[in-house]
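Participant: what follows is a predicted protein model with its sequence.
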Amino acid sequence: MLAAATTATGLMAGLFLAFDVAVMPGLAAGDDRTFVTAMQHINASILNPVFGAVFAGALALPAVGTWLLHRSGQRAATLWTAVATLLYLAALVLTSAVNVPLNDRLAAAGDPAAVTDLAAVRAAFEPTWTTSNIARTVLCTAAAVALTRALLLHRRPAAR
């Protein structure tokens, strides 16, 4: 359970980091139409079963791991998995409160070819979305570190 939780959380941290260090800087170098079009396509295509499973699993797996470790009396590992769960939950709250509404507004802007002020659409999206994504990267990375610590502390009960 801990290995799966660590993997899912690490994948989410990596996804967010990829946006921080490659996707957003690459799009920032382009014009407004390219930026809006690309982000609309990215936001639509990321909503798929693989992403959904990892996105939800990075919360569910550490939460279940916390419960299992607590039941087995492994307090130190329990604490670290609980911390990881809370850190990832904070990233989900941030996503729901900031990134998803921004994505929805960007989609609602419609076809970039028909938008009269793409610079305003981009300006209402890019700075806040990018800053929020950096925070999600930090939260998910910290959660992955906490889960790694839990893995190091985890011990199986001795065989009888």
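Facilitator: Received it, and whenever you're ready, just let me know what you need.
Participant: remind me which helix or strand residue 6 belongs to.
Facilitator: helix 2-18 (DSSP states H and E).
Participant: just checking the distance from that helix to the centre of its chain.
Facilitator: 8 Å (C-alpha atoms, centre = their mean, to the nearest Å).
Participant: and stretch 82-100, by the same measure?
Facilitator: 8 Å.
Participant: neighbouring contacts of that stretch?
Facilitator: For stretch 82-100, contacts defined as C-beta atoms under 8 Å, 6 or more residues apart in numbering pick out 5, 9, 12, 16, 58-59, 62-63, 66, 128-129, 132-133, 135-136, 139-140, 142-144, 146-147, 150. Bear in mind the C-beta positions are built from the backbone N, C-alpha and C, glycine included.
Participant: give the next helix or strand downstream of the helix or strand where residue 82 lies.
Facilitator: If you go by DSSP H and E, residue 82 is part of helix 75-94. Under the assignment DSSP H and E, the closest C-terminal helix or strand after helix 75-94 is helix 100-108.
Participant: what's the angle from that next one to helix 75-94?
Facilitator: Using axes from the mean of the first three to the mean of the last three C-alpha atoms, to 10 degrees, the inter-axis angle of helix 100-108 relative to helix 75-94 is 30 degrees.
Participant: show me where pLDDT drops low in the protein?
Facilitator: Along the chain, the model assigns pLDDT under 70 to residues 156-160.
Participant: how far is the longest helix belonging to the chain from where the chain is centred?
Facilitator: Counting residues, the longest helix found in the chain (DSSP state H) is helix 118-153. Mean-position distance between helix 118-153 and its chain equals 6 Å (C-alpha atoms, centre = their mean).
Participant: stretch 111-121 now?
Facilitator: 28 Å.
Participant: mind listing what's buried along stretch 41-50?
Facilitator: residue 43 (16 or more other C-beta atoms under 10 Å).
Participant: let me fix that: stretch 88-104
Facilitator: Buried-residue list, stretch 88-104, by 16+ other C-beta under 10 Å: 88, 89, 90, 91, 92, 94, 95, 98, 99, 102, 103.
Participant: what's the answer for stretch 70-83, then?
Facilitator: So stretch 70-83, judged by 16+ other C-beta under 10 Å, has buried residues 74, 77, 78, 79, 80, 81, 82, 83.
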